[in-house]
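Chemist: how does the following fold in three dimensions:
(chains A and B)
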Amino acid sequence: AQKVTQAQTEISVVEKEDVTLDCVYETRDTTYYLFWYKQPPSGELVFLIRRNSFDEQNEISGRYSWNFQKSTSSFNFTITASQVVDSAVYFCALSGSGNTPLVFGKGTRLSVIA
Amino acid sequence: DVKVTQSSRYLVKRTGEKVFLECVQDMDHENMFWYRQDPGLGLRLIYFSYDVKMKEKGDIPEGYSVSREKKERFSLILESASTNQTSMYLCASSLMDRGKKETQYFGPGTRLLVL
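Modeler: Just a heads-up that it's a prediction; the model follows:
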């Protein structure tokens, strides 16, 4: 069975601080995909990144960066110099290959305080 | 841009009513999904569909049914609404996975309150 654990339920940081959101996954598949989504207060989930299991290269997109480590089954998300607009619930998700649904973690609520 | 729309942002219904939640996507996606989101439980999959007239149960299908008569539309039906179905309902769609996993795109959600 596949499982995603986001151990941090809520995080509060002061604006301009860096923050890392943890994601640990379990799967027996050799080919799998990992995702991060952002859910702002408006409610709509916004896609941030997709990574497949064969690509362990870390990725940076502006203030966002992702650290994928197969050895520890983790796919952590770091926001550098956080801003109030980063306040949201962030979900990590996992899927095997083929036409299979995503398995979501329970989410981490990030509050960035001005 | 992919657009997934849901018929209502907020809905209030009474126990026992039949409730229809509609979802429409405009990107010719084969796959469509219904989730519910509850505090502390994250997103849980109710039903999904890989094609017109096809449906698959997710993790929590009890009390729900779905309909996919057209490719762009996926309806979630609560046959007899109960208070424990008060929740946020999210619809998503994606292309069919062909060799790589396709991204799911989400609608804005419907907050359903059952009294």
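Chemist: when you work out contacts or count neighbours from here on, use the C-alpha atoms and nothing else.
Modeler: Noted.
Chemist: following the least confident helix or strand in chain A by mean pLDDT, which helix or strand comes up?
Modeler: Within chain A, judged by mean pLDDT, DSSP states H and E, the helix or strand with the poorest mean is strand A:59-61; its value is a mean of 85. Helices and strands here follow DSSP states H and E; after strand A:59-61, the next one along the chain is strand A:64-69.
Chemist: for that next one, name the packing helices and strands.
Modeler: Using 3 or more C-alpha pairs under 8 Å, 6 or more residues apart in numbering or on different chains; DSSP states H and E as the contact definition, the elements that strand A:64-69 packs against are strand A:59-61, strand A:74-79.
Chemist: redo these as a markdown table? Include distance to chain B and mean neighbour count.
Modeler: Output for these, formatted as a markdown table (distance: least, C-alpha to the nearest C-alpha, whole Å; neighbours: other C-alpha atoms under 10 Å in any protein chain shown):
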| stretch | distance to chain B | mean neighbour count |
| --- | --- | --- |
| strand A:59-61 | 17 | 12 |
| strand A:74-79 | 17 | 20 |
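Chemist: what's the pLDDT at A:Val89?
Modeler: With respect to pLDDT, A:Val89 has a value of 96.
Chemist: now it: closest residue in space, sequence neighbours ignored.
Modeler: Take A:Val89 and drop its neighbours on the chain: the residue closest to it by C-alpha to C-alpha, 6 or more residues apart in numbering or on different chains is A:Arg109, 4.2 Å away.
Chemist: now do the contacts for that neighbour.
Modeler: With contact taken as C-alpha atoms under 8 Å, 6 or more residues apart in numbering or on different chains, A:Arg109 is in contact with A:9-11, A:87-90.
Chemist: that one: which element?
Modeler: In this structure, A:Arg109 sits in strand A:108-113 according to DSSP H and E.
Chemist: do A:Ser12 as well
Modeler: Under the criterion DSSP H and E, the helix or strand holding A:Ser12 is strand A:10-14.
Chemist: ok, residues contacting the following helix or strand past that strand?
Modeler: Using DSSP H and E, the helix or strand that follows strand A:10-14 towards the C-terminus is strand A:19-21. With C-alpha under 8 Å, 6+ apart as the test, strand A:19-21 has contacts from A:6, A:8, A:13, A:76-80, A:82, A:108.
Chemist: could I have the buried ones of the contacts of A:Arg109 as ChimeraX selection syntax?
Modeler: The following ChimeraX selection, which keeps only the buried ones among those, applies the criterion 16 or more other C-alpha atoms under 10 Å in any protein chain shown:
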select /A:87,88,89,90
